[in-house]
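S.K.: This is a predicted model, with the sequence first.
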Amino acid sequence: MKKLIRSYIVPNSLLFQLLSRSLLVMAILLAVIGLFQYLFMREVTYSNRASSIRNQILSAPPDLWEEAVRSVESNIPGRFPVFFMPDTRISFIDAQGNFLDLPNDLADHQLGNTPQLTKEDYQKALSSKQKLTYKVVNQPDVGEQLVVLQPIGNKFHNTGLIQVSLSTKPLKDGLIRQLLIFMTLAFLALIAGMFALISVLRKTLEPLSNMTKTVEKINAGNLQERFPPEQGQVEIDRLAFSFNGMLERLETSFEAEKEAKEQMRRFVADASHELRTPLTSIHGFLEVLLRGAMNQPDKLDKSLRSMLTESERMKKLVQDLLLLAKLDRSPTINPEEGDVEVLIKEMEPQLRLLAGNRTVNLRLTAPARCWFDEDKLKQIILNLFHNAVQHTDANKGQINITLEPMNGGLELVVRDNGPGIGKEHLPHLFNRFYRSDPSRTRKYGGAGLGLAITKTIVELHGGLIRVESSPGEGSAFYVWIPVRPATANAIK
């Protein structure tokens, strides 16, 4: 039993505090009830005893009391009223306040002196305006006494008072016995209440205990744990709802941080790899020159041209990296209203020069006005066009550029007749340093950053970019830009 109680009652625990405070409140309430019960029962007991004494006084005729008084005063035997309450003192007080003890055969003569009240008390009792029924007095020579006063006489005037006094000790002993019985029952009720409260509080606090266990699991690193949404308690349910929302945000943040770290790791590894390739080539050509190729014009020219190509490739890679870093650090554009059709027509000579012997078809629908950053939109077109050039045949390649209104914006489509892209590569095309054909893109100087830059710029315009491609059927890149900027944070 002790082990069971100790397992339930842990100091400073919520169960212990609720239990102890509840028992303390119950104990205080029972003590207050016991005190009021004692005071109330004392008044009732004194009042009942006084009423019983008064009834006995009134049961004797007034003439008999007067005869008893005259007999005592003249010391002549006479008739006395029979008083059936033992250990009581009977006295008579006349209208002038004179005090006279009357004999009582049932009284214990060791009781001591008869208590006397003040003349004011006696006068008030004799007065018809106020009748003093009983009074509790505590005098050093007689102790605490219950004094009952009853006027006697006829209906026209009172001739005196009959005073009956008795010790309150027997009455108090009975009251104390009742109080002890009540306190014993109250103590037993507290013990029973404690065991009942332990069971009730454990059941009430069970949802909180479940939350504690869940938090311990979460603390162990399991962020997938969730609190039960409905446990039958409004406060606990609200707390669980708030915690679940916080856990979801934390899990999302941790996953995002984990993904960001992984992307950074891949980014550094890919950037190092891309930079190492041209540096290795340049280093190799320099070694060839140092071994004597400098004195051979053909080899010297070939080496210098190769180093120039590799340096240009490295320069472009660094520029792309700087641009991505800038876009990540300060993702803003400067949109102005303009005509995309006019912009593409201005770029047409440059595009045909890049295409070489490839066929370039433009199908532009006028008007094509919207808000855009001219430099950034040019970069989108050049990146997509350069990507199409890389993946089409130099002589048989065909590149189509289409511009037309679409769903409250403009849709730019760059389509080629290249070898196409496998479905497994489509979800990753816009990732940094991703290349569906590494050997081909590296041959043409691509580092897998162009499409990532393009996607970032499109999103800054509030637009969307997607790709459709199948092996052997070419590829088509769709760029949709709204007529007006969709997000305020895209405007510098």
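M.R.: That came in fine, so what should we check first?

S.K.: need the next SSE after the one helix or strand Met26 maps to, C-terminal direction.
M.R.: Element membership of Met26, judged by DSSP states H and E, is helix 14-59. Downstream of helix 14-59, the first helix or strand assigned by DSSP H and E is helix 62-74.

S.K.: Buried ones in that next one, by neighbour count?
M.R.: By 16 or more other Cβ atoms under 10 Å, the buried positions in helix 62-74 come out as Pro62, Leu64, Trp65, Ala68, Val69, Ser71, Val72. Yep, even glycine has a C-beta here, placed from its N, CA and C like the rest.

S.K.: Among those, find me the one that's closest to Lys299.
M.R.: Minimum distance to Lys299 across the buried residues of helix 62-74 is 156.3 Å, recorded for Trp65 (Cβ to Cβ).

S.K.: how about the closest residue in space to the closest one that isn't next to it in sequence, what does it touch?
M.R.: Leaving aside its sequence neighbours, Trp65 sits nearest to Ile152 (Cβ to Cβ, 6 or more residues apart in numbering; 5.2 Å). Ile152 makes contact with Ile57, Pro62, Trp65, Glu66, Asn158, Thr159, Gly160, Leu161, Ile162, according to Cβ atoms under 8 Å, 6 or more residues apart in numbering.

S.K.: quick one: which helix or strand includes Ile152?
M.R.: With DSSP H and E as the criterion, Ile152 is inside strand 143-153.

S.K.: CA atoms of that strand as PDB?
M.R.: Output of strand 143-153 as PDB, limited to C-alpha atoms (Å, rounded to 0.1, in the frame of the first residue of the first chain):
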ATOM      1  CA  GLY A 143     -17.200  28.900  37.300                       C
ATOM      2  CA  GLU A 144     -19.300  29.000  34.100                       C
ATOM      3  CA  GLN A 145     -23.000  28.800  35.000                       C
ATOM      4  CA  LEU A 146     -26.200  28.800  33.000                       C
ATOM      5  CA  VAL A 147     -28.600  31.300  34.700                       C
ATOM      6  CA  VAL A 148     -32.300  31.200  33.900                       C
ATOM      7  CA  LEU A 149     -34.600  34.100  35.100                       C
ATOM      8  CA  GLN A 150     -38.300  33.800  35.100                       C
ATOM      9  CA  PRO A 151     -40.600  36.600  36.400                       C
ATOM     10  CA  ILE A 152     -43.500  35.500  38.800                       C
ATOM     11  CA  GLY A 153     -46.600  37.400  39.700                       C
END
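
S.K.: ok and it relative to helix 62-74, angle-wise?
M.R.: Here strand 143-153 runs at 120 degrees with respect to helix 62-74, directions being taken by axes from the mean of the first three to the mean of the last three Cα atoms, to 10 degrees.

S.K.: chain center to strand 143-153: distance?
M.R.: How far strand 143-153 lies from its chain's middle: 69 Å, per Cα atoms, centre = their mean, to the nearest Å.

S.K.: What strands flank that strand, and is each parallel or antiparallel?
M.R.: strand 134-139 (antiparallel), strand 158-167 (antiparallel) (DSSP bridges).

S.K.: Quickly compare the ones you listed and say which is most buried.
M.R.: strand 158-167 (a mean of 22; mean count of other Cβ atoms under 10 Å).

S.K.: tell me the mean pLDDT for that one?
M.R.: For strand 158-167, mean pLDDT is 85.

S.K.: how far does stretch 288-308 stretch from start to finish?
M.R.: Its start and end residues considered, stretch 288-308 measures 15 Å (Cα to Cα, to the nearest Å).

S.K.: Would you indicate which residues of it are buried?
M.R.: Val288, Leu289, Ala293, Lys299, Ser303, Ser306, Met307.

S.K.: Other residues contacting it?
M.R.: Outside stretch 288-308, the residues that reach it (Cβ under 8 Å, 6+ apart) are Ser281, Ile282, Phe285, Leu286.

S.K.: which ones are touching the third one?
M.R.: Meaning Phe285. By Cβ under 8 Å, 6+ apart, the neighbours of Phe285 are Ser303, Leu304, Ser306, Met307.

S.K.: And the second one, how far from Ala355?
M.R.: According to Cβ to Cβ, to the nearest Å, Leu304 and Ala355 sit 28 Å apart.

S.K.: Geometrically speaking, which residue is the centre of this structure?
M.R.: The centroid of the chain falls nearest to Leu239 when counting by Cα atoms, centre = their mean (4.2 Å).

S.K.: doesn't that one fall inside a helix?
M.R.: Yes: remark: Leu239 belongs to a helix, assigned using DSSP: H, G, I helix; E, B strand; the rest coil.

S.K.: close enough to count as contact, it and Met211?
M.R.: Yes: taking Cβ atoms under 8 Å as the definition, Leu239 is a contact partner of Met211 at 7.3 Å.

S.K.: what's the overlap in contacts for those two?
M.R.: What both Leu239 and Met211 touch, as defined by Cβ under 8 Å, 6+ apart, is the set Phe227.

S.K.: returning to that earlier point: buried set for the strand holding Ile152?
M.R.: For strand 143-153, a neighbour-count test (16+ other Cβ under 10 Å) marks Gln145, Leu146, Val147, Val148, Leu149, Gln150, Pro151, Ile152 as buried.

S.K.: Any idea which of those the model trusts least?
M.R.: Pick the lowest pLDDT in the buried residues of strand 143-153 and you get Ile152, at 82.

S.K.: do you know how far that one is from Gln96?
M.R.: 15 Å.

S.K.: I'd like to know which elements whatever helix or strand Asp101 lives in is packed against.
M.R.: Element membership of Asp101, judged by DSSP H and E, is strand 99-102. With contacts taken as 3 or more Cβ pairs under 8 Å, 6 or more residues apart in numbering; DSSP states H and E, strand 99-102 sits against helix 62-74, strand 88-94.

S.K.: mind putting those in CSV, distance to Leu180 included?
M.R.: Listed next are the helices and strands packed on strand 99-102 as CSV, based on distance: least, Cβ to Cβ, whole Å:
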stretch, distance to Leu180
helix 62-74, 41
strand 88-94, 27
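
S.K.: Could you dump these into JSON lines with mean pLDDT and distance to Gly462 added?
M.R.: Shown next, in JSON lines, are those (pLDDT from 0 to 100; distance: least, Cβ to Cβ, whole Å):
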{"stretch": "helix 62-74", "mean pLDDT": "75", "distance to Gly462": "114"}
{"stretch": "strand 88-94", "mean pLDDT": "84", "distance to Gly462": "107"}
